[in-house]
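Trainee: A structural model of the following input is requested.
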Amino acid sequence: MDAIFSTLPPALFAFACAVTLLGGFVKGAVGFAMPLVMISGMGILIDPQIVVACIIIPIVFGNGLQVARAGFGAARDAVRDHWRYITLVCVMILISAQFLRSIPTNAMFIVLGVPVVVLCAIQIAGWRPAISDRWRRPFEWGAGTLSGTLGGLAGTWGPPTVLYLLALNTPRDRQMAVQGVIYGLGSVMLFLGHLQSGVLNAQTWPASAALVIPAMFGMWLGFKLGDRFDQERFRRVTLWVLVIAGVNLIRRGVMG
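Mentor: Numbering: from 1, shown residues only. Predicted coordinates for the structure are as follows:
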């Protein structure tokens, strides 16, 4: 516990556990948004680089669980159908992660807040891009590059991935499997990238590892309870909460 409390004092660690539990619940219920919830919530009180470090190990485990739950046959099909997008996401996460420690703290709040607000607002507005077969390949390269860059810097590439799959008219029953693979492989790259960048280090990894427990418990609750309420309404409420939290991160970055 001393190793954990050297990074997060007891009160902040309890706060981080509560936010992570909520993030896990949302992911279990709707299939994504755990990093968004953790970044937006924990960023209210915790240094942004520590926040990024803390989300890494929980999302590796969370995405691994999502892949296993969807089935490895579906995972194999997802890699075959979306290998270009997956490759760009993984490569760009590794590259962009190396720049995180060079970003000033105030700028980091903006880097974390702007993607949260923009991507959630797009989904609230219901914008749904449509890409024809003719433009699929360049769209995959462009979308993969953007998603991976956001992933390495802000730890989240879920909303861009959702928009990417919607643009390709991916059937709803396949989206969960494809998302699981993209999030799973991406989270491994995020782990490796931030081992190299130094964000995940001997001081920060114990806190990140400890947050796996509330993350998994939250996902279990989300799996169990997700079908008992209106998922679309729950998703929209979650997005609005994230927008408010993202705006607060931007405010902190601008006002210092």
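
Trainee: From the chain's centroid, how far away is stretch 147-163?
Mentor: 7 Å (CA atoms, centre = their mean, to the nearest Å).

Trainee: Tell me the confidence at the residue of the chain positioned farthest from its centre?
Mentor: What lies farthest from the middle of the chain is residue 134; by CA atoms, centre = their mean that is 29.7 Å. As summarised for this prediction, residue 134 has a pLDDT of 82.

Trainee: Give me the below-cutoff pLDDT ranges for the stretch 51-200 of the chain.
Mentor: 70-71, 74, 172-173 (pLDDT under 70).

Trainee: Do a quick rundown of the helices in it.
Mentor: 72-81, 83-97, 105-125, 136-154, 158-167, 172-197 (DSSP state H, counting those that start in this stretch).

Trainee: Which one, of those, ends up nearest to residue 44?
Mentor: Closest approach to residue 44 among the helices of the stretch 51-200 of the chain (CB to CB): helix 105-125, 10.2 Å. Just so you know, the C-beta spots here come from the backbone N, C-alpha and C atoms, and that holds for glycine as well.

Trainee: list the helices and strands that closest one packs on?
Mentor: In terms of contacts (3 or more CB pairs under 8 Å, 6 or more residues apart in numbering; DSSP states H and E), helix 105-125 is packed against helix 34-42, helix 48-70, helix 136-154, helix 158-167, helix 231-255.

Trainee: winner for burial among those?
Mentor: helix 34-42 (a mean of 28; mean count of other CB atoms under 10 Å).

Trainee: May I see the helices of the stretch 51-200 of the chain arranged in a markdown table, with distance to residue 246 as well?
Mentor: A markdown table is the format used below for the helices of the stretch 51-200 of the chain (distance: least, CB to CB, whole Å):
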| stretch | distance to residue 246 |
| --- | --- |
| helix 72-81 | 29 |
| helix 83-97 | 19 |
| helix 105-125 | 3 |
| helix 136-154 | 10 |
| helix 158-167 | 11 |
| helix 172-197 | 20 |
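
Trainee: closest to residue 51 out of these?
Mentor: helix 105-125 (7.4 Å).

Trainee: Give me the angle between the closest one and helix 158-167.
Mentor: Interaxial angle of helix 105-125 relative to helix 158-167 (axes from the mean of the first three to the mean of the last three CA atoms, to 10 degrees): 30 degrees.

Trainee: re the thing from before, and the helices of the stretch 51-200 of the chain: which comes nearest residue 249?
Mentor: Evaluated over those, closeness to residue 249 peaks at helix 105-125, with 3.2 Å, by CB to CB.

Trainee: Now that closest one: buried residues?
Mentor: Buried residues in helix 105-125, counted by 16 or more other CB atoms under 10 Å: 108-117, 119-123.

Trainee: Contacts only, for residue 224.
Mentor: residue 28 (CB atoms under 8 Å, 6 or more residues apart in numbering).
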